[in-house]
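Undergrad: I'll drop the sequence and a predicted model, then ask my questions.
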Amino acid sequence: MPITSTILKELCKLLRSGVFSPLIDLMLQSAFNLAFFGFLRCGEFTCRSKDFSKDNIVSIQDISLDGSLQNLVFHLHSSKCDPFRQGVNITIFENNVFHPVATLRKYIKFRTDLGAKPHSPLFVNDDYDHTPLSRDRFIFLLRNLLFRLGYKDDKFCGHSFRNRTATSAAAAGIEDHIIQTLGRWSSDCYIRYIRTNPKTIHAAQDKMCF
């Protein structure tokens, strides 16, 4: 099952009402937004193994926040379609529906106020275990929320954001070649993404909100 913009709105609304804890609720909103608008694979922002080496986790310092509060840049170190493992900067623009930039900024401040450092994991397992958020834990929390919303939670998996974000993008009228580029589905698309005008990315993300 895809995580559409409609389902994402329901998830964020539920989390804002308070579900797990202030930290985890804010973290999940941030992770959901980053995954949705960044077309991320689950493994690109969660950890599958116990290898917590610097190159294997997403850290707070991988997020650059624009001083104008209008966008953020997520540095993805590597992915399946990164032909030279050089990494790519993924820009997420602020919007008035999900507020992805403001939400992540608030979350990072929350973490740093608790003592997190730039090299600390961006997303963590829970309030007391600040090791990198695991794939299994992320899927467990996602399914918990979906069950609360009345969805058949077993239909959702780690690919529900990445693979199915294209559904929302297509429904919003975004052209196929732009969707392929934003999703970095091949090495060619990966290279095109790096060269894509930021205004094109901004316009596409705005359309995905509805």
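TA: Structure received.
Undergrad: List the contacts of the helix ranked longest in the chain.
TA: Secondary structure of the chain read by DSSP state H shows that its longest helix is helix 22-37. For helix 22-37, contacts defined as C-beta atoms under 8 Å, 6 or more residues apart in numbering pick out 3, 5, 8, 11-12, 15-16, 18-20, 40, 42, 45, 74, 92-93, 98, 100, 103-104, 106-107, 110-111, 114, 123-124, 126-127, 133, 138, 141-142, 145, 161-162, 165, 168, 205, 208. Any C-beta I mention is one placed from the backbone N, CA and C, and that applies to glycine too.
Undergrad: Take the residues you listed and keep only those in helices.
TA: Of those, the ones assigned to helices by DSSP H are 5, 8, 11-12, 15-16, 100, 103-104, 106-107, 110-111, 138, 141-142, 145, 161-162, 165, 168, 205.
Undergrad: before we move on, back to that, just the buried ones among the contacts of helix 22-37, please.
TA: Among those, those buried by neighbour count (16 or more other C-beta atoms under 10 Å) are 3, 5, 8, 11-12, 15, 20, 40, 42, 45, 74, 92-93, 98, 100, 103-104, 107, 111, 123-124, 133, 138, 141-142, 145, 161-162, 165, 168, 205, 208.
Undergrad: quick one, what contacts the residue lying closest to residue 172 once chain neighbours are set aside?
TA: The shortest distance from residue 172 to any non-neighbouring residue, by C-beta to C-beta, 6 or more residues apart in numbering, is to residue 207 (3.9 Å). Neighbouring residues of residue 207 by C-beta under 8 Å, 6+ apart: 169, 172, 173, 174.
Undergrad: out of those, which is most surrounded?
TA: residue 169 (23 neighbours; other C-beta atoms under 10 Å).
Undergrad: how close does it sit to residue 207?
TA: Computed as C-beta to C-beta, to the nearest Å, the residue 169 to residue 207 distance reads 7 Å.
Undergrad: and what of residue 38?
TA: Distance from residue 38 to residue 207, by C-beta to C-beta: 15 Å.
Undergrad: cool, residue 179 as well?
TA: Residue 179 is 11 Å from residue 207, by C-beta to C-beta.
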